[in-house]
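Trainee: coords please:
(2 chains)
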There are 2 protein chains.
Amino acid sequence: MKLIGYYRSSASYRIRIVLNVKGIEWEYVTVRLDKGEQLESAHSRLNPMKLVPVLDTGNLQLAQSVAIAEYLESTYPEPPLIPTGAIAQAQFRDMVQIISSDIQPLTNLRVLKHLRANYALDGEGVDRWCQTWIGRGFEAFEQRAVQHSADGQYSFGNSLTLADAWLVPQVYNADRFGLDMQPYPTINSVFRHLQTIEAVASAHPALQPDAPVPSRD
Amino acid sequence: MKLIGYYRSSASYRIRIVLNVKGIEWEYVTVRLDKGEQLESAHSRLNPMKLVPVLDTGNLQLAQSVAIAEYLESTYPEPPLIPTGAIAQAQFRDMVQIISSDIQPLTNLRVLKHLRANYALDGEGVDRWCQTWIGRGFEAFEQRAVQHSADGQYSFGNSLTLADAWLVPQVYNADRFGLDMQPYPTINSVFRHLQTIEAVASAHPALQPDAPVPSRD
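Mentor: Below you'll find the model as predicted:
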């Protein structure tokens, strides 16, 4: 099982958490997004979106973190990371998609590069752009977490789910872009608890082999 | 069953197709995105993301089109709109998420309004922005459709799936923003076939009760 990713890609970070929590052995293959390696044909053959991550199981190459995670859930069901029951699943998928669809796509590296190149955004402008979209999404996620978190330890219910694997990289990103986290007490509480879980903590970008000395791009 | 939506919202359009194909009776409730009604508390109580659609089943209010569609699939399983088998599902979800995560969020009305207000984009600038992101996504979706469409009638396999319900509104949007569709022959072939299906055709924005005389915003 190979995970083709980049240390700071938040979708790669999500899948590292899922693999670790499920105790799946995996090998890490780096694609340097900062050097444009994702645009080269060796990678775009695997993923025509020219993004990371890609999960390579040997005879199957999967892109899109939601698709990868649902696949891992069905092939490695323990521990379960998706709740049971149609209503709970719908409420849970709503929270995952707030991050997957309404936040992360707007703060993806390819979008920030495009804004810099075509709209003359500087570092501060990029921070403001990201703060806007992460803030609006976190406002909604916070309300959902208040409804669905059992005790402020997990985003949904009383055990770790994909919603947590999605939240942790998004909070990491919010911090990178200087978002004021004070308005999101439940998110903060869940995030603090999740950091105490080894499978989550060891997925942190700074601990990956392709992490450089701290820098911003 | 109430669908709270907007005629031109592509996520509302997706769910109209799903409801129609499954033969579910539904009532349409309009939220005028062009007048900012989605920001009012009556709506944000239902969906803290302040977006449409929301599916209101009476005792359950669901936002996020992926969550709504997976819920409808589990509660109204016929006809099935998600393929069976872990591998097919993963490949299929990859295609759905190309549209849900990599295309649509970047061309959402709230983003275009933000670009106009903060980056002085005019109509042409908005068109160029949308063409960029829809084009990059369609390049990937086209390659996936070549791999997974059985005969150029459906995006995945040989029957209608959520990938088709996601594709049709995205092609409608591409046309609105003037994208050259010539590079995507499989998408065009699938789109043309889907238009011949009554349940799909009747979900078209222009046929909804809140559709005005043709205009652009």
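Trainee: Domains in chain A, by residue range?
Mentor: A:2-79, A:86-201 (automatic domain parsing).
Trainee: mean confidence for the first one?
Mentor: Okay, so that is domain A:2-79. Domain A:2-79 shows an average pLDDT of 93 in the prediction.
Trainee: cool, and the last one?
Mentor: Domain A:86-201 comes out with an average pLDDT of 97.
Trainee: That domain vs chain B: in contact?
Mentor: Yes. Against chain B, domain A:86-201 shows contacts by CB under 8 Å from any CB of the partner chain at A:86-87, A:89-94, A:96-98, A:100-102, A:104-106, A:111, A:114, A:119, A:132, A:136-137, A:139-140, A:143-144. Backbone N, C-alpha and C define where each C-beta goes, glycine included.
Trainee: gap between the residue at the greatest distance from the centre of chain A and A:D127?
Mentor: What lies farthest from the middle of chain A is A:A120; by CA atoms, centre = their mean that is 27.1 Å. Noted for A:A120: a distance of 15 Å to A:D127, by CB to CB, to the nearest Å.
Trainee: Which stretches in chain A count as helices?
Mentor: In chain A, the helices defined using DSSP state H lie at A:10-21, A:41-44, A:65-75, A:86-97, A:109-119, A:123-148, A:162-176, A:185-194, A:198-201.
Trainee: need the ones you listed in JSON lines with mean neighbour count, can you?
Mentor: Listed next are those as JSON lines, based on neighbours: other CB atoms under 10 Å in any protein chain shown:
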{"stretch": "helix A:10-21", "mean neighbour count": "25"}
{"stretch": "helix A:41-44", "mean neighbour count": "13"}
{"stretch": "helix A:65-75", "mean neighbour count": "22"}
{"stretch": "helix A:86-97", "mean neighbour count": "22"}
{"stretch": "helix A:109-119", "mean neighbour count": "16"}
{"stretch": "helix A:123-148", "mean neighbour count": "19"}
{"stretch": "helix A:162-176", "mean neighbour count": "23"}
{"stretch": "helix A:185-194", "mean neighbour count": "18"}
{"stretch": "helix A:198-201", "mean neighbour count": "16"}
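Trainee: so which of those gets nearest A:Q208?
Mentor: For A:Q208, the closest of these is helix A:10-21, at 7.7 Å, according to CB to CB.
Trainee: does chain B sit close to the closest one?
Mentor: No. Using CB under 8 Å from any CB, helix A:10-21 stays clear of chain B, coming no nearer than 8.9 Å.
Trainee: can you check stretch A:59-72 too?
Mentor: Yes. Looking at stretch A:59-72 against chain B by CB under 8 Å from any CB, the contacts come from A:60, A:62-64, A:66-68, A:70-71.
Trainee: mind checking the end-to-end distance for that stretch?
Mentor: 15 Å (CA to CA, to the nearest Å).
Trainee: and for that stretch, what are the contacting residues?
Mentor: The contact list for stretch A:59-72 (CB atoms under 8 Å, 6 or more residues apart in numbering or on different chains) reads A:11, A:14-15, A:18-19, A:22, A:24, A:46-47, A:49, A:51, A:53-55, A:81-82, A:96, A:100, A:162, A:165-166, B:66, B:86-87, B:89-94, B:96-98, B:101.
Trainee: Give me the distance between the residue lying closest to A:I197 once chain neighbours are set aside and chain B.
Mentor: Nearest non-adjacent residue to A:I197, counting by CB to CB, 6 or more residues apart in numbering or on different chains: A:L160, 7.1 Å away. Distance, A:L160 to chain B, by CB to the nearest CB, to the nearest Å: 19 Å.
Trainee: Contact partners for A:L160?
Mentor: Contacts of A:L160 (CB under 8 Å, 6+ apart): A:21, A:79, A:81, A:154, A:194, A:197, A:200.
Trainee: Please list all residues in contact with the fifth one.
Mentor: When contacts are counted by CB under 8 Å, 6+ apart, A:L194 is found next to A:154, A:160, A:164, A:167-168, A:200.
Trainee: could you redo the last one with a cut-off of 6 Å?
Mentor: Neighbour list for A:L194: A:164, A:168, A:200 [criterion: CB atoms under 6 Å, 6 or more residues apart in numbering or on different chains].
Trainee: again, but for the first one
Mentor: A:V21 makes contact with A:A199, according to CB under 6 Å, 6+ apart.
Trainee: For A:W26, give me its contacts.
Mentor: A:1, A:3, A:19.
Trainee: Which single one of those is nearest to chain B?
Mentor: The nearest member of those to chain B, counting by CB to the nearest CB, is A:M1 at 13.8 Å.
Trainee: how deep is the residue nearest to A:W166 when sequence neighbours are not counted tucked in, by neighbour count?
Mentor: Nearest residue to A:W166 in three dimensions, chain neighbours excluded: A:I99, at 4.4 Å (CB to CB, 6+ apart). Neighbourhood size, A:I99 [other CB atoms under 10 Å in any protein chain shown]: 28.
Trainee: Same question for the one 5 residues further on.
Mentor: If you count neighbours by other CB under 10 Å, A:Q104 ends up with 25.
Trainee: Chain B versus the closest residue to it other than its chain neighbours, what's the distance?
Mentor: Among residues not flanking A:Q104 along the chain, A:S10 sits closest, at 5.9 Å (CB to CB, 6+ apart). A:S10 sits 12 Å away from chain B, taking CB to the nearest CB as the criterion.
Trainee: Please look at A:S10 and A:P169 and confirm they touch.
Mentor: Yes. If you go by CB atoms under 6 Å, A:S10 and A:P169 touch, sitting 3.6 Å apart.
Trainee: Alpha carbons of stretch A:109-129, as PDB, please.
Mentor: The C-alpha trace of stretch A:109-129 is given here as PDB (Å, rounded to 0.1, in the frame of the first residue of the first chain):
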ATOM      1  CA  LEU A 109      -2.300  25.400  -3.200                       C
ATOM      2  CA  ARG A 110      -3.200  25.500  -6.900                       C
ATOM      3  CA  VAL A 111      -5.900  28.100  -6.100                       C
ATOM      4  CA  LEU A 112      -3.500  30.200  -4.100                       C
ATOM      5  CA  LYS A 113      -0.900  30.100  -6.800                       C
ATOM      6  CA  HIS A 114      -3.500  31.100  -9.400                       C
ATOM      7  CA  LEU A 115      -4.600  34.100  -7.200                       C
ATOM      8  CA  ARG A 116      -1.000  35.200  -6.700                       C
ATOM      9  CA  ALA A 117      -0.200  34.900 -10.500                       C
ATOM     10  CA  ASN A 118      -3.400  36.400 -11.800                       C
ATOM     11  CA  TYR A 119      -4.800  38.700  -9.100                       C
ATOM     12  CA  ALA A 120      -1.500  39.900  -7.600                       C
ATOM     13  CA  LEU A 121      -2.300  38.600  -4.100                       C
ATOM     14  CA  ASP A 122       0.600  38.900  -1.700                       C
ATOM     15  CA  GLY A 123       1.100  36.800   1.500                       C
ATOM     16  CA  GLU A 124      -1.300  39.000   3.500                       C
ATOM     17  CA  GLY A 125      -3.900  38.800   0.700                       C
ATOM     18  CA  VAL A 126      -3.600  35.000   0.600                       C
ATOM     19  CA  ASP A 127      -4.000  34.900   4.400                       C
ATOM     20  CA  ARG A 128      -7.200  37.000   4.200                       C
ATOM     21  CA  TRP A 129      -8.600  34.900   1.400                       C
END
